[in-house]
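> Quick one: sequence plus predicted model below, questions after.
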There are 2 protein chains.
Amino acid sequence: MLRFDISISLDGFVAGPEQSEENPLGIGGEQLHDWALSLEAWRRPHGREGGEVNTSSAVLEEVQEGLGAAIMGRNMFGGRGAWEEYPWDGWWGDEPPFKMPVFVLTHHPRKPLEMNNDTVFTFVTEGPEVALGLAREAAGDDDVGLSGGAQAAQQYLRAGLVDETQLHLVPVLLGGGVRLFEGLGDDLPELECVRVVKAPGVTHLKYRAAG
Amino acid sequence: MLRFDISISLDGFVAGPEQSEENPLGIGGEQLHDWALSLEAWRRPHGREGGEVNTSSAVLEEVQEGLGAAIMGRNMFGGRGAWEEYPWDGWWGDEPPFKMPVFVLTHHPRKPLEMNNDTVFTFVTEGPEVALGLAREAAGDDDVGLSGGAQAAQQYLRAGLVDETQLHLVPVLLGGGVRLFEGLGDDLPELECVRVVKAPGVTHLKYRAAG
């Protein structure tokens, strides 16, 4: 199963306006992630102490459990252009929080990159379906997580390949930025809401592909 | 209290693409209202028999109760241009389902229109704040309901005049059409989610102005 979850504003943005290398979340975009970053369930796997336990904790733990591989777009991995010209090993330092095989969609070929924990980045130039095939093989009986960003998510949504989408709906209005549900073409996926959890500062809405 | 509720698609549209006089909800827009139109709680006040009772029934009844007046935009009332040139008494026939004073925002002056039940349409050319003042006076201790459409709602949201917003979030993607949260300016309202109800084919999300 391919699972996708993302924090989104009430007006449909997953990043605020004026995104840049210095401010990848755009103006106000950090508000979308406050609910998660405050949680012990987020801080622990990221090597940080403290944090809250609330209704969102179980939702976040569920998101993190049962995953055998991840897929992400080039924007989320970061860097730009050809790897030889602009060396870049991701935002996360030597020990990225994934600890599993991660398949990165890119137009620029590159050898796999093994980090100091079980995270291995494999760079896939043959498109989203090939990346999904590789990720499924790596995951075995476990699920594959689609980590974002918006553009990669749109590719999979458009192709009808996402089995479960969970929106973490944050009651802020960003007024502009990067929309999740855009450019999905005419053959729009049909969805069914299977669970709703109201938590402090966020509502978690889980959807499955219908039919 | 000024209350507003509206059915909205997962991608943020309150009407589908290619709206026209013949198809005011746009392509696919009727799907946004299936949850309500199937309910006994909607059919009864509209003079129709039958209908379902489910988790949405209490939500819809709550929306309809405790209102002493309504406000709507010109698009929702219908018609076009000056009233003398294009006579139009609304979409609802002799007995509109409101049964209360309704204040219609318009640029074209017109005398009040009394219908065959307690519905009286008053046409207000002095803008949204004046309409709200008149509606509050008419409502007395009861609430004022903002009936839409999107443009009228945006005027009130932008001015920070809406006390309670309930979104009936329908898990369809329309891919285009009329967005609710658009053109709200820079001084965006802060919201707090106060209740979530998951029902067949729709999730009801109630927000209050924060602080």
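The structure has been received and is ready for your questions. Keep in mind that this is a model prediction, so the values were computed, not measured.
> helix or strand for A:V197, which one?
In the assignment (DSSP states H and E), A:V197 maps to strand A:191-199.
> Is chain B within reach of that strand?
Yes. Under the criterion of CB under 8 Å from any CB of the partner chain, strand A:191-199 makes contact with chain B via A:191-193, A:195-196, A:198. The way it works is simple: take the backbone N, C-alpha and C, and place the C-beta from them, glycine included.
> How far off centre is the longest helix belonging to chain A?
Secondary structure of chain A per DSSP state H: the longest helix is helix A:128-139. On the basis of CA atoms, centre = their mean, to the nearest Å, helix A:128-139 sits 16 Å off its chain's mean C-alpha point.
> next helix or strand past that helix?
strand A:143-146.
> Partner strands of that following strand, with direction?
strand A:2-9 (parallel), strand A:67-72 (parallel) (DSSP bridges).
> Can you name the residues of chain A that neighbour chain B?
Proximity of chain A to chain B, by CB under 8 Å from any CB, involves residues A:10-12, A:169, A:171-175, A:181-182, A:184-186, A:188-193, A:195-196, A:198, A:203, A:205, A:207, A:210.
> Selection in ChimeraX covering whichever of these are buried, please.
Here is the ChimeraX command that selects the buried residues among the residues of chain A next to chain B (16 or more other CB atoms under 10 Å in any protein chain shown):
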select /A:10,11,12,169,171,172,173,174,175,181,184,188,189,191,193,196,198,203,205,207
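> what residues are up against the residue sitting nearest the centre point of chain A?
Nearest to the mean C-alpha position of chain A, counting by CA atoms, centre = their mean, stands A:S147 at 2.3 Å. A:S147 is in contact with A:70-72, A:76, A:98, A:102, counting by CB atoms under 8 Å, 6 or more residues apart in numbering or on different chains.
> so is the residue of chain A positioned farthest from its centre in a helix, a strand, or just coil?
Most distant residue from the mean C-alpha position of chain A: A:E85, 26.4 Å away (CA atoms, centre = their mean). Here A:E85 is recorded as coil under DSSP: H, G, I helix; E, B strand; the rest coil.
> now the helices for chain A?
A:34-37, A:40-43, A:55-64, A:74-77, A:128-139, A:150-158.
> A:G47 and A:L37: what is the separation?
Plainly put, A:G47 is 13 Å away from A:L37 if you go by CB to CB, to the nearest Å.
> okay, the two: which has more neighbours?
A count of neighbours by other CB atoms under 10 Å in any protein chain shown puts A:L37 above the other of A:G47 and A:L37, at 13 against 9.
> Which residues are in contact with the spatially closest residue to that one that is not a sequence neighbour?
Excluding the flanking residues, the one nearest A:L37 by CB to CB, 6 or more residues apart in numbering or on different chains is A:R43, at 7.6 Å. Each residue near A:R43 by CB under 8 Å, 6+ apart is listed here: A:37, A:49-51.
> and with 7 Å instead?
By CB atoms under 7 Å, 6 or more residues apart in numbering or on different chains, the contact list for A:R43 reads A:49-51.
> Let me have the helices of chain A in JSON lines, extended by distance to B:P128.
Listed next are the helices of chain A as JSON lines, based on distance: least, CB to CB, whole Å:
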{"stretch": "helix A:34-37", "distance to B:P128": "32"}
{"stretch": "helix A:40-43", "distance to B:P128": "42"}
{"stretch": "helix A:55-64", "distance to B:P128": "37"}
{"stretch": "helix A:74-77", "distance to B:P128": "40"}
{"stretch": "helix A:128-139", "distance to B:P128": "46"}
{"stretch": "helix A:150-158", "distance to B:P128": "34"}
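> How about the contacts made by A:A82?
By CB under 7 Å, 6+ apart, the contact list for A:A82 reads A:H108.
> Got the confidence number for it?
Note for A:A82: predicted pLDDT of 91.
> how close does it sit to A:H107?
Separation of A:A82 from A:H107 (CB to CB): 9 Å.
> Over to A:P45?
30 Å.
> So A:E192 sits against B:V172, correct?
No. In this structure, A:E192 is not within contact of B:V172 by CB atoms under 7 Å, at 10.4 Å.
> Spit out the residues that contact these two alike.
Taking CB under 7 Å, 6+ apart as the criterion, A:E192 and B:V172 do not both touch any residue.
> Skipping adjacent residues, who's closest to A:L132 in space?
A:L161 is the one closest to A:L132 (CB to CB, 6+ apart), at 6.1 Å.
> before we move on, back to that, JSON lines for the contacts of A:S147, including neighbour count and pLDDT?
Formatted as JSON lines, the contacts of A:S147 follow (neighbours: other CB atoms under 10 Å in any protein chain shown; pLDDT from 0 to 100):
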{"residue": "A:A70", "neighbour count": "26", "pLDDT": "98"}
{"residue": "A:I71", "neighbour count": "30", "pLDDT": "98"}
{"residue": "A:M72", "neighbour count": "24", "pLDDT": "97"}
{"residue": "A:M76", "neighbour count": "21", "pLDDT": "91"}
{"residue": "A:F98", "neighbour count": "22", "pLDDT": "93"}
{"residue": "A:V102", "neighbour count": "26", "pLDDT": "98"}
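> can you tell which of the helices of chain A is closest to B:G140?
With CB to CB as the criterion, B:G140 lies closest to helix A:55-64 of the helices of chain A, at 38.8 Å.
> Just give me how far the closest one sits from the chain centre.
15 Å.
> Flag every buried residue along it.
Applying 16+ other CB under 10 Å to helix A:55-64 flags A:56-57, A:59-60, A:62-63 as buried.
> Could you check the angle that helix makes with strand A:191-199?
For helix A:55-64 against strand A:191-199, the angle by axes from the mean of the first three to the mean of the last three CA atoms, to 10 degrees is 140 degrees.
> So which elements touch helix A:55-64?
helix A:40-43, strand A:191-199 (3 or more CB pairs under 7 Å, 6 or more residues apart in numbering or on different chains; DSSP states H and E).
> Just put those in TSV and tack on mean pLDDT.
Output for the helices and strands packed on helix A:55-64, formatted as TSV (pLDDT from 0 to 100):
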stretch	mean pLDDT
helix A:40-43	95
strand A:191-199	97
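> Which one of the ones you listed lies nearest to A:D118?
Of the helices and strands packed on helix A:55-64, nearest to A:D118 by CB to CB is helix A:40-43, at 19.2 Å.
> for that closest one, which positions count as buried?
A:41-43.
> Tell me the pLDDT of A:P24.
Looking at A:P24, its pLDDT stands at 85.
> Flag the shaky bits of chain A, pLDDT-wise.
A:211 (pLDDT under 70).
> That'll do, ta.
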